[in-house]
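[1] need coordinates for the following:
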Amino acid sequence: MIGIVGGGLAAAKVVEGYREAGGTDRITIWSQDPHGPYHRPPLSKRLLRGEAEPPDALVHPAEWYPEQDVELRTGVQLASLDEVGAETVVIATGARPRLLDGTLELRTLDDSLELRRRAEDAKTAVVIGGGFIGCEVTASLTQLGVQVTQVVREPLVFALLQAPPMSEALHARFREHGVDLRLGATEIPEGSDLRVAGIGVQPNVELAQAAGLEVRNGVVVNERFETSKPGVYAIGDVAEFFDPVFGRHRRIEHWSNAAYHGTTLGKILAGEDARYDVVSAFFSEQFGRMFRSFGDPLGHDETTLEGDFADERAVFRFLRAGRTIGAVTTGLDEDDENALKEEIRAGAATTA
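    You can find the predicted model right below:
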């Protein structure tokens, strides 16, 4: 039997990859969440804005799991990995938001529904944080007619992406939509109807630590998602995995990474010679404008800008020794994105 601890996207993708590759073992999923696996990107966008409902966010309908010979146990919190009782254990416990007293957080489907409910009667909101959740919640609440003050400790939104031209274009876009954007600020205004914090997450590594697995920034695994204990794997937000493209361990907290991890591990468990080997990518959307990030800017010594993030198309490249190792983009088509990913793969290999 395969036991998957954690009921998010990565868990569902393990099942998909395993069954599609011919795996026949019975699978059990243990999930703290009361819902089946769902996609998180809609929680801060379409679901929050009322443009989608909970069933739209589900990875699969409830009946899909028994059809795949999967026992899905929701609303269950395990005290130890020993409770799994499976020959193969997959840790997909994800991450949890860092909390700030007196604020709402947005991590789960129920969090999104609660915030949507409260936004119906709210006229003003304060959003703390300038990353993915902070910016997407700010945009969605503004589109719902709420006057938002966004407090960002850093001088730029999305400061971690290290792409000032993109950040500065977003500053202008937010202010054009009436957001009171306060950069480089730490003081949180009083008196708003809503207070929402998007100040990052921390990986749920407690079960892994208790089991004696190697844990650093996350549960340490190789490119085949194997932990320090045979038969135990870790994927998704909780995994500090080896990325052969960049030759180092990384931990990534995005939808595309969880999906790729899960599908690839499913194939591995079914006997295929698969492993992590992809140029990482993720996306965000605010006020109808999508941007995407590819690769990894760590160690870059130069940047270049093609186009303008205030217009329809732009590419901000991170270079090391003259070769592209990462990029932030908007407006590229699929062919251009694929070509850029190959450019990054070649650049990372050359400068490693």
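
[2] closest to the centroid, which residue in this structure?
    If you average the C-alpha coordinates of the chain and look for the closest C-alpha using CA atoms, centre = their mean, you land on residue 254, 2.0 Å from that point.

[3] thought it was touching residue 282?
    Yes. The pair formed by residue 254 and residue 282 meets the contact definition of CB atoms under 8 Å, at 3.7 Å. To be clear about C-beta, it is placed using only N, CA and C from the backbone, and glycine gets the same treatment.

[4] pull the number of nearby residues for residue 336.
    Counted with other CB atoms under 10 Å, the burial measure for residue 336 works out to 13 neighbours.

[5] would you confirm that it belongs to a helix?
    Yes. The assignment for residue 336 by DSSP: H, G, I helix; E, B strand; the rest coil puts it in a helix.

[6] okay, residue 350: pLDDT?
    What the model reports for residue 350 is a pLDDT of 84.

[7] is it in a helix, a strand, or coil?
    helix.

[8] against residue 329, how distant is it?
    Computed as CB to CB, to the nearest Å, the residue 350 to residue 329 distance reads 21 Å.

[9] compare the two and say which is more crowded by neighbours.
    The residue with more neighbours, out of residue 350 and residue 329, is residue 329; 25 against 13, by other CB under 10 Å.

[10] quick one: classify that one as helix, strand or coil.
    Under three-state DSSP, residue 329 falls in the strand class.

[11] can you pull up the bridge partners for it?
    residue 292, residue 315 (DSSP bridges).

[12] so for it, what's the pLDDT?
    98.

[13] quick one: it and residue 292 touch, right?
    Yes. Because the distance of 5.2 Å satisfies CB under 8 Å, residue 329 is recorded as touching residue 292.

[14] quick check: neighbours shared by those two?
    Residues touching both residue 329 and residue 292 comprise residue 337, with contact defined as CB atoms under 8 Å, 6 or more residues apart in numbering.

[15] packing partners of the helix or strand that contains residue 242?
    Remark: residue 242 resides in strand 239-243, with elements defined by DSSP states H and E. Strand 239-243 is packed against strand 219-220, strand 248-250, with contacts defined by 3 or more CB pairs under 8 Å, 6 or more residues apart in numbering; DSSP states H and E.
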